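**Student:** After the sequence you'll find the predicted model.
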Amino acid sequence: MTSERRTEHIPPGQPRARPAARQIPLAPPAWLLRGLRPSRAPVPWAAVVRAGIAMATPLAVGFALDEPEYGALVSMGALSGVIGDTADAYRMRILNIAVPQLFGAVGVALGTLVFGHGWLAVGALTLIALVSGMISSIGTVASVSGLLLLLNAAVGAGLPLPKPWWTAPLLLGAGGLFVLALTLLGWPLRGRQPERAAVAACYRSLADALEAAGGPGYEERRLEVTQALNQAYDLILGRRARVHGRNPSLVRMLAQLNVLIPLVDAAPAAHLSGRPLPPEVPAAVRELARAVEEGRTGEPDLELPAPYGPSQRAIDTALRHAAAIVHREDADPYNADDRLGRPAALRDRARRAVRDMVLSGASWRYGLRLALCIGLAQALVSLVPVERSYWVALTVTFVLKPDFGSVFSRAVLRALGTAGGLVLAAAVLSEVPRGWWDVPVMAVLAALIPAFTVKGYAFQTAAITPVILLLSDQLNHQGFDLIRPRLLDSLIGCAITLVAGYLLWPESWHTRIGDRLADAVEDSARYVERAFGAADATDADADEAAARTARLHARRRIYRELSGVRSEFQRALTEPPPTGARAAAWWPLVVAVERIVDATTAARVRVNHGAEAPSPEEVAAVTAELRGLAEGVRTSSTPVEVRVAPPPPGMEDSVLAPLHQEIAAARAIATEH
């Protein structure tokens, strides 16, 4: 574990640094290139087909009934459903699509009531923006709901929609429900397939990690395991409060997921041993993945070589136990508890979420930022005649979503994406005759939205822009004349967001990524204490079982926390200096902390399989080192030399020796900068 080896770790999506002499002075900045580089995510073909059908069908019905405006409004509602259709499990799709549609209906109704009322509309939209921003801090569904609440309110306040006031909410809601109906068509045929596929994906990602153990590609594979576990647990446990006790298939999948944890814990020990695992081991894990996906039961057929050393013994034991659980015909109630604790009742969680939102300073700050920007946008278009002025507020809403990514880069990427989308929209509006030809054109353009969304924000914007323009033309009949106002309004909205929503707020420049990293280092110190603390010394079976459960809970929490830290840093890397530069300077230490946690997990596995446990003095020395490192990170804006007490002498043969090496390497990284 030398610092030389560590320099080979380059974060995903990060280009390898070039010598200064080869850099091109006029080249675009790295944060912009990262945003414009398309993701390698696969195209969701089922979502592509649904989007084309969901948005073209209402338009066709509108033409058939000689009510193209009504058809366009239903298609607008379908657009929000298409954008929100991101979940895998069918029950989660109901929440992701239906709940935001309710908020969207409320928003367009409120916007319609203040249409044409000047400063009353400004005040109403500003208040709606405050509420929208605050509820966005609750969670994913609430974030999309707040977004749709404000978007539809801006549309209702800026467009002359059909009367009476309930017509537009009804039509927009019908479009979203049409997307939901198309989404749920596969439920009777696929049933639990999304959840089962998520569990199988955990097994496959772990097989890849075990195959890479001992080699340079292990760390990237280990990150994929963590992400797969987070997704699977969120997918399955999201509804466990209601159906866990009476749904055998869900209990069985949860047991299959939980029994994977000992294998995940053993993987770092296998990697640190420096020896590749026998190929039969990852092959057996992949066979278990197929058994999970196909729902196969029966006697497991494992042909594994004799294990060598503590790490291989740990993997052999965990793999055989996993095979027994995977192939059980009935649900295993002893493995059906989750590793994060039973979720509270829905009413309690809702009450706690509302309380946290009202008392959260971050929630109020974001709500006020969004309200300020929306208020300025609406005041501007009330004072200055701007064509299609509601697009200014729409742009502000889309860009100023911190949970969607960097505000600065989103503003720049939205401007670029809008320009690219306008090129396609100009060709459509100038060459395609209005009428029935709009239906096949809409089917093609709508299908591009989910295909481009997975590639990046700029690509999503480029796909959505011509769709919105084509639907707006059905309501306004301006044709090619929509192009220039659309670009102008988008640029105005981006400018308002950059100034009032980014530059004027100190938190945009004084990022807390250093504090978040320091918190992660302190959490790793607590993880070491939990792994080798006093509870480990007891001989009582009940206490030992409780200690094991506590360690499992601690492990899941620390790895999920590190996943969040990595996501926050990757988001910060897309910011311009100084935030992006600080994130880049701290990034190697993020990787080092992940390796420290891996070394702790590996040491715990070795102790479980015969290695001598570390002394309390050594554990105390390690945690003191980590807390000293955390304090140095917290008090520095950029990495500087961190001085902590050296480890006790004579620890070269200790089970924590690799952990001492990782901490020393982390200090070296801080010193190098």
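**Tutor:** Right, received. Where do you want to start?
**Student:** The spatially closest residue to Ala267 that is not a sequence neighbour and Tyr218: what is the separation?
**Tutor:** Of all residues not flanking Ala267 in the chain, Ala209 sits nearest, at 5.4 Å (C-beta to C-beta, 6 or more residues apart in numbering). Just so you know, the C-beta spots here come from the backbone N, C-alpha and C atoms, and that holds for glycine as well. According to C-beta to C-beta, to the nearest Å, Ala209 stands 6 Å off from Tyr218.
**Student:** okay, those two: which has more neighbours?
**Tutor:** Ala209 (27 against 21; other C-beta atoms under 10 Å).
**Student:** Sticking with that one, tell me its helix or strand.
**Tutor:** Using DSSP states H and E, Ala209 sits in helix 193-212.
**Student:** Can I get the helix or strand following that helix as CSV, trimmed to CA atoms?
**Tutor:** The helix or strand immediately downstream of helix 193-212 is helix 218-237, counting by DSSP H and E. C-alpha atoms of helix 218-237 as CSV (Å, rounded to 0.1, in the frame of the first residue of the first chain):
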residue,chain,number,x,y,z
TYR,A,218,-10.6,-3.4,-7.8
GLU,A,219,-11.5,0.0,-6.3
GLU,A,220,-13.7,1.0,-9.3
ARG,A,221,-15.5,-2.3,-9.0
ARG,A,222,-16.0,-1.9,-5.3
LEU,A,223,-17.7,1.5,-5.9
GLU,A,224,-20.1,-0.3,-8.3
VAL,A,225,-20.9,-2.8,-5.6
THR,A,226,-21.8,0.0,-3.1
GLN,A,227,-24.0,1.8,-5.7
ALA,A,228,-25.8,-1.4,-6.6
LEU,A,229,-26.4,-2.2,-2.9
ASN,A,230,-27.7,1.3,-2.2
GLN,A,231,-30.1,1.1,-5.2
ALA,A,232,-31.3,-2.4,-4.3
TYR,A,233,-31.9,-1.6,-0.6
ASP,A,234,-33.7,1.7,-1.6
LEU,A,235,-35.8,-0.2,-4.1
ILE,A,236,-36.9,-3.1,-1.8
LEU,A,237,-37.0,-1.3,1.6
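**Student:** Which parts of helix 218-237 count as buried, going by neighbours?
**Tutor:** 218-219, 221-230, 232-237 (16 or more other C-beta atoms under 10 Å).
**Student:** For that helix, which outside residues touch it?
**Tutor:** Contact partners of helix 218-237, identified using C-beta atoms under 8 Å, 6 or more residues apart in numbering, comprise 9, 12, 88-89, 92, 194-195, 198-199, 201-202, 205-206, 208-209, 211-212, 250, 253-254, 257, 260, 264, 267-268, 271, 338-340, 343, 556, 559-560, 562-563, 566, 591, 594-595, 598.
**Student:** I only care about the residues you listed that end up buried; give me the ChimeraX line for that.
**Tutor:** Buried residues among those (16+ other C-beta under 10 Å), as a ChimeraX selection:
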select :9,89,92,194,195,198,199,201,202,205,206,208,209,211,212,250,253,254,257,260,264,267,268,271,338,339,343,556,559,560,562,563,566,591,594,595,598
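**Student:** remind me which residues of the stretch 451-600 of the chain are low pLDDT?
**Tutor:** 476-479, 506-512, 533-548 (pLDDT under 70).
**Student:** List the contacts of Arg560.
**Tutor:** Contacts of Arg560 by C-beta under 8 Å, 6+ apart are 226, 230.
**Student:** if I look at it, how far off is Asp234?
**Tutor:** In terms of C-beta to C-beta, Arg560 sits 10 Å off from Asp234.
**Student:** Packing partners of the helix or strand harbouring Pro440?
**Tutor:** For Pro440, the host element (DSSP H and E) is helix 438-453. If you count contacts as 3 or more C-beta pairs under 8 Å, 6 or more residues apart in numbering; DSSP states H and E, helix 438-453 packs onto helix 45-64, helix 68-84, helix 407-431, helix 457-476.
**Student:** Can you lay out the ones you listed as TSV showing distance to Phe103 and mean neighbour count?
**Tutor:** Converted to TSV, the helices and strands packed on helix 438-453 look like this (distance: least, C-beta to C-beta, whole Å; neighbours: other C-beta atoms under 10 Å):
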stretch	distance to Phe103	mean neighbour count
helix 45-64	19	20
helix 68-84	10	26
helix 407-431	22	20
helix 457-476	19	23
